[in-house]
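> Need coordinates for the following:
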Amino acid sequence: MKSSVKNIELTKYDDLFKDEETRQEEKQERILTVPAEQVFPYARQPYSIDRPTPDLVRLMDSIERMGISEPLITRPREGGGYEIISGHRRDYCGKAIGLAERPIIVRQYTDEEADILVADYNITREDLLPSEKARAYKLKLDAMKRQAGRPSKENGDQNGPHLFRGKSKELLAAQVGESATQVQRYVCLNNLIPPLLEQVDAGILKLTPAGDYISHLTEKEQTYLAYVMERDEASPSVKQAQRLKQFSEQGKLQEGAIDAIMSEEKPFEMKVVFKQDRLTKYFPKSYTPQQMEDVIIKLLEGWHRKRQQEQRR
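Numbering: from 1, shown residues only. As a prediction, this is how the structure comes out:
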């Protein structure tokens, strides 16, 4: 019986003199130390790196005292050097302090894998601004859609998009603790012009009217709306935003129509005003008015449930 030697792989000469411990070490990831100028931010990174949050202040203090103890996760960069997947804020602090080197781990990621990981590393942070959530959610959903691929012609053109809408958003919603509708609302914020998106971050323009309606207006319509909001110190209610979108879809949202809709008298709203110093001492400096409002409402809901239980007793 003839023996086959085609599938026999000969041990390399150098490997004959390696012990088992050396072979295991070579299989493990290595931490490299490279010059800072060889490390670059990820091009589609969705988060604000230099926003002065309490976490960033603590990280800056730690790196100033002990250096960068946790290596940055990177991938090889097409133009040379390394692209950051995780560790943008560590890199920022290193630059601010003047560190000349970066500890890194290099991994091979596709663009889709990199987009998802870059979004995931900070996607559940509590201090994210609406604009950061908007960019992160869109970055991840777009990457998931590309990963799923296009449907074959045999299956019809609607299967792929349907699968994307039905599963990707639900998976992301479960991860971040929000509804699929809320995720879509944040994604739509990417269609806002910068001045209006800044108003959302500041809590002046509310998320629902901004994401569900205002984001569907044309750039010209949004630009004039931003002007009216600043001029009149007013923000559209949900009903006003609905009317703005309806007029836009009908091609009738001229400047006069925006003025008329925004000047409509809103239903009476009871307002409770707090002095700034009474609120800010209870919240991190990075919190927006919207984030403060969300926390206060949650606390009031708990207080209300407790009162109801006491009344039943």
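> do you know how far Gly178 is from Glu113?
In this structure residue 178 is Glu, not Gly. 23 Å (Cβ to Cβ, to the nearest Å). Just so you know, the C-beta spots here come from the backbone N, C-alpha and C atoms, and that holds for glycine as well.
> meant to ask about Thr33, not that
Between Thr33 and Glu113 the computed distance is 25 Å (Cβ to Cβ).
> So these two - more neighbours on which side?
Counting neighbours by other Cβ atoms under 10 Å for Thr33 and for Glu113 shows that Glu113 has the greater number, 15 against 10.
> in what helix or strand does that one lie?
helix 111-120 (DSSP states H and E).
> residue contacts, the spatially most central residue of the chain?
By Cα atoms, centre = their mean, the chain has its centre lying nearest to Ala136, at 2.7 Å. Counting by Cβ atoms under 8 Å, 6 or more residues apart in numbering, Ala136 touches Pro46, Tyr47, Ala119, Asn122, Ile123, Leu128.
> can you pull the buried residues of the strand or helix carrying it?
Following DSSP H and E, the helix or strand that holds Ala136 is helix 130-148. Counting neighbours by 16 or more other Cβ atoms under 10 Å, one finds that the buried residues in helix 130-148 are 130-145.
> Ok, stretch 238-246 next?
By neighbour count, with 16+ other Cβ under 10 Å as the criterion, the buried positions of stretch 238-246 are Gln240, Ala241, Arg243, Leu244, Lys245.
> What are the phi and psi values at the residue nearest to Tyr287 when sequence neighbours are not counted?
Nearest non-adjacent residue to Tyr287, counting by Cβ to Cβ, 6 or more residues apart in numbering: Asp127, 7.1 Å away. In this entry, Asp127 is assigned phi and psi values of phi -100, psi 20 (degrees, to the nearest 10).
> between the buried residues of helix 130-148, which is nearest Ser263?
Ser263 lies nearest to Pro130 out of the buried residues of helix 130-148, by Cβ to Cβ, at 26.6 Å.
> Taking helix 130-148 as reference, get the angle to the longest helix along the chain.
With secondary structure taken from DSSP state H, the chain has its longest helix at helix 289-312. In this structure, helix 289-312 runs at an angle of 90 degrees to helix 130-148, with axes from the mean of the first three to the mean of the last three Cα atoms, to 10 degrees as the basis.
> Flag every buried residue along helix 289-312.
The neighbour-count criterion (16+ other Cβ under 10 Å) identifies Gln290, Gln291, Met292 as the buried residues of helix 289-312.
> same question, stretch 61-75
Buried residues in stretch 61-75, counting neighbours by 16+ other Cβ under 10 Å, are found at Ile63, Ile68, Pro71, Leu72, Ile73, Thr74, Arg75.
> surely the fifth one meets Ile85?
Yes. Counting by Cβ atoms under 8 Å, a contact exists between Ile73 and Ile85, whose distance comes to 4.6 Å.
> what sits in contact with each of these two?
Contact with both Ile73 and Ile85 is made by residues Arg107, Leu117, according to Cβ under 8 Å, 6+ apart.
> how does this protein divide into domains?
Following automatic domain parsing, one gets these domains for the chain: 26-108, 110-147+167-191, 193-269, 271-301.
> Of those, which stretch is the most buried?
Mean neighbour count, computed with mean count of other Cβ atoms under 10 Å, is highest for domain 110-147+167-191 among the domains of the chain, reaching a mean of 19.
> What is the distance between it and the centre of its chain?
In terms of Cα atoms, centre = their mean, to the nearest Å, the centre of domain 110-147+167-191 is set 6 Å apart from its chain centre.
> On the three-state scheme, Ile104 is what?
Per DSSP: H, G, I helix; E, B strand; the rest coil, the secondary structure class of Ile104 is strand.
> Toward the C-terminus, what is the element adjacent to the helix or strand bottoming out on mean pLDDT in the chain?
Across the helices and strands of the chain, mean pLDDT, DSSP states H and E gives its lowest value to helix 159-163, namely a mean of 41. Where DSSP H and E defines the elements, the next helix or strand beyond helix 159-163 is helix 169-176.
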